[in-house]
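Engineer: requesting a structural model of the entry that follows:
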Amino acid sequence: MSRSKAILPALLCILVFLPVRAQRPRDATPNPFPPPAMDDMKKVQQAALASDYAYQITAHLTDNIGPRMAGSAQAQQAVEYIAAEMRKLGLEVTLEKCTVPHWMRGAETAELVEFPGQAPKTTQKIVLTALGGSVATPAEGITAEVVVVNNFDELNALGREKVRGRIVLFNVKFDKRLAAAGMSEQAYGQAVVYRGRGGSAAARLGAVASLIRSVGGADYRLPHTGVMSYAADAPKIPAGAVTAEDADLIEHLTRQGRVGMHLTLTPQELPPVESYNVIGDLKGSEHPEQVVIVSGHLDSWDLGTGAIDDAAGVAVAMQAAQVMKQLELKPKRTLRVIAWMDEEGGLLGARSYVKQHATEIANHFAAVESDLGAGHAMGIAFAGPPQIQGLLRPVASVLQSSGAGALRASEDVGSDIGYLTAAGVPSFSPIQDSRTYFDYHHTAADTLDKIVPRELQENAAVMSVLGYALTNIPVELPRSTPRTPRD
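Structural biologist: Below is the predicted model:
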């Protein structure tokens, strides 16, 4: 048989099957939303995109109230403000008690007092901040040699003899290339473990203090704070974060010889304070016992004013209720807006909520949280069985016109709703452009000017459309098998 005769049957076979393949649907899941609901979702989207409501809430929380550390007077002011705004929307408001830590920052200074090439009677200033929960140095500070390591293996390789009596610096770099590729959360996760566990690891080997390279992407000599924790089997030593530039300086000098630092950190751990999760319910017309949570966290760190972390999240959650009230849309399930307390300090608000509502978890239909800034919204991330993606595809088709049509499975869609996710509740978050989020996260630069009003509206549209869809979808969402939550 000639080559041309051999090819002809194959071509005919391809032509026969091409139409069948071209007509195969991408997803066989039928659209669960009737046409009126699809129209309503489009109206919700347009209303959110045209509103400055979320921006006004964000602006008041940041500029008028300011930093909102759990246990602080500003946190209490924020509770009262958000509760009042929820009441203006006509929501049923509950201030749900939770006990939170009250840690206060004090003096935080450091200087290199010994280093190779040092001019007589001079020092070099080091820019740093205390980590949340850190104990204090003596009021007069401590002076000790600095040793630099890049990971826990290097620390352990030094051994007790070379660590005892010294200050340990974990010079673990935030992977900017990973963040620039849209994987900022992964970059953060790789480095932040040293913030949480570094102090105790150093203390076990006799260190007198522990420092980390700031976990973030901006090298503008900005220190990044964040919570740390002490292990039960290790002494408590002072812990802080130095800027990226100062971490590089210290590493460079220690390669040349001995480096000594004088370090002063004087935070205080005050008695715990009674605070609140702020909860506002828009009752469902058909299934009021079934709850759909939309949320963000109300507390923030104290260096900046907590605009992207997370006043914006609270504001877009409130917008979901505001839009429904504006358009006179009645959800079939209860839309529950929550402004969580103490996400930064240890999720005590979220833990308290789960305990107080333990018998109602089966009636939690879905939970949504926004806690990754206010960058351009690109879609919806979900934690739950894969069938959820097909059920939400019509929602994504509505959001596509504002660039938010992506759907993506994710194991982690929000810290505060993490306990509900672990209990099997279908959980969601906006997918946001977070490539520069960790430049400002937990720094003095987390301020209102970092919010782009149009991008905040895009996030509000995602939260509002998703909130409407979940409260009105006429089918049950599949639930995951419960698992042990990750603390």
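
Engineer: contacts, neighbours, all on C-alpha from now
Structural biologist: Noted.

Engineer: double-check that Val147 belongs to a strand.
Structural biologist: Yes - counting by DSSP: H, G, I helix; E, B strand; the rest coil, Val147 is found in a strand.

Engineer: in three-state terms, how would the residue lying closest to it once chain neighbours are set aside be classified?
Structural biologist: Excluding the flanking residues, the one nearest Val147 by C-alpha to C-alpha, 6 or more residues apart in numbering is Val168, at 5.1 Å. Classification of Val168 using three-state DSSP returns strand.

Engineer: start at 685 instead
Structural biologist: Fine by me, first position is 685 from now on; the one you just mentioned is Val852.

Engineer: for Ala886, see how far away Val852 is.
Structural biologist: Between Val852 and Ala886 the computed distance is 7 Å (C-alpha to C-alpha, to the nearest Å).

Engineer: between those two, which contacts overlap?
Structural biologist: With contacts defined as C-alpha atoms under 8 Å, 6 or more residues apart in numbering, the residues adjacent to both Val852 and Ala886 are Ala893, Ser894.

Engineer: where does the stretch 935-1084 of the chain have low pLDDT?
Structural biologist: For the stretch 935-1084 of the chain, no stretch is flagged by pLDDT under 70.

Engineer: for Gln1073, give me its contacts.
Structural biologist: Contact partners of Gln1073, counting by C-alpha under 8 Å, 6+ apart, are Phe1066, Leu1091, Arg1092, Ala1093.

Engineer: and it, what element?
Structural biologist: Using DSSP states H and E, Gln1073 sits in helix 1071-1083.

Engineer: in that helix, what counts as buried?
Structural biologist: Neighbour-count burial for helix 1071-1083 flags Ile1072, Gln1073, Gly1074, Leu1075, Leu1076, Arg1077, Pro1078, Val1079, Ala1080, Val1082, Leu1083 (criterion: 16 or more other C-alpha atoms under 10 Å).

Engineer: Ala1153 versus the fifth one, what's the distance?
Structural biologist: Between Leu1076 and Ala1153 the distance is 8 Å, computed by C-alpha to C-alpha.

Engineer: what's the answer for the third one, then?
Structural biologist: The spacing between Gly1074 and Ala1153, counted by C-alpha to C-alpha, is 13 Å.

Engineer: what number of residues lie near the closest residue in space to Met1002 that isn't next to it in sequence?
Structural biologist: What sits nearest to Met1002 in space, not counting adjacent residues and going by C-alpha to C-alpha, 6+ apart, is Val1021, at 6.3 Å. Applying other C-alpha atoms under 10 Å, we find 31 residues neighbouring Val1021.

Engineer: now do the helices in this protein.
Structural biologist: Per DSSP state H, the chain carries helices over the ranges 687-707, 719-733, 737-743, 757-772, 836-847, 860-864, 868-888, 928-940, 996-1010, 1032-1040, 1071-1083, 1102-1106, 1121-1124, 1137-1156.

Engineer: who's in contact with stretch 817-836?
Structural biologist: 787, 839, 847, 849-856, 885, 892, 911-913, 920-924, 934-935, 938, 942-953, 1029.

Engineer: and what of stretch 1087-1098?
Structural biologist: Against stretch 1087-1098 from outside (C-alpha under 8 Å, 6+ apart): 1052-1055, 1061-1068, 1070, 1073, 1077, 1080-1084, 1102, 1111-1113, 1115, 1142, 1146.

Engineer: just to revisit the earlier point, quick check: PyMOL command selecting the buried ones in the contacts of stretch 817-836.
Structural biologist: Selection of buried members from the contacts of stretch 817-836 for PyMOL, criterion 16+ other C-alpha under 10 Å:
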select buried, resi 787+839+847+849+850+851+852+853+854+855+856+885+892+911+912+913+920+921+922+923+924+934+935+938+943+944+945+946+947+948+949+950+951+1029
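
Engineer: buried ones in stretch 733-750, by neighbour count?
Structural biologist: For stretch 733-750, a neighbour-count test (16+ other C-alpha under 10 Å) marks 733, 735-739, 741-746, 749-750 as buried.

Engineer: now do the same end-to-end measure for that stretch.
Structural biologist: Taking C-alpha to C-alpha, stretch 733-750 runs 26 Å from one end to the other.

Engineer: do stretch 1047-1063 as well
Structural biologist: First-to-last distance for stretch 1047-1063 - C-alpha to C-alpha - comes to 26 Å.

Engineer: same check, this time on stretch 920-930
Structural biologist: 24 Å.

Engineer: and the average pLDDT for it is what?
Structural biologist: For stretch 920-930, mean pLDDT rounds to 98.

Engineer: outside of it, which residues touch it?
Structural biologist: 810-815, 818-821, 883-884, 887, 891-898, 903-909, 914, 949.

Engineer: list only buried entries from those residues.
Structural biologist: Buried subset of those (neighbour count, 16+ other C-alpha under 10 Å): 810-815, 818-821, 883-884, 887, 891-898, 906-909, 914, 949.

Engineer: now Ala794, nearest residue through space, not along the chain?
Structural biologist: Leu947 (4.5 Å).

Engineer: can you pull the contacts of the one you found?
Structural biologist: If you count contacts by C-alpha under 8 Å, 6+ apart, then Leu947 has Glu792, Thr793, Ala794, Glu795, Thr821, Gly825, Ile826, Thr827 around it.

Engineer: list the beta-bridge partners for it.
Structural biologist: Assessed by DSSP bridges, Leu947 has beta-bridge partners Ala794, Ile826.

Engineer: on that earlier part again, measure the residue nearest to Met1002 to Leu1032 for me?
Structural biologist: Per C-alpha to C-alpha, Val1021 is found 18 Å from Leu1032.

Engineer: contact partners for the spatially most central residue of the chain?
Structural biologist: In the chain, the centroid-proximal residue (C-alpha atoms, centre = their mean) is Asp1055; its distance is 4.0 Å. Asp1055 makes contact with Gly980, His981, Ile992, Asp993, Asp994, Gly997, Gly1098, according to C-alpha under 8 Å, 6+ apart.

Engineer: for the closest residue to the fourth one other than its chain neighbours, grab the count of nearby residues.
Structural biologist: Spelled out, that is Asp993. What sits nearest to Asp993 in space, not counting adjacent residues and going by C-alpha to C-alpha, 6+ apart, is Gly1057, at 6.0 Å. The local packing of Gly1057 (other C-alpha under 10 Å) involves 29 other residues.
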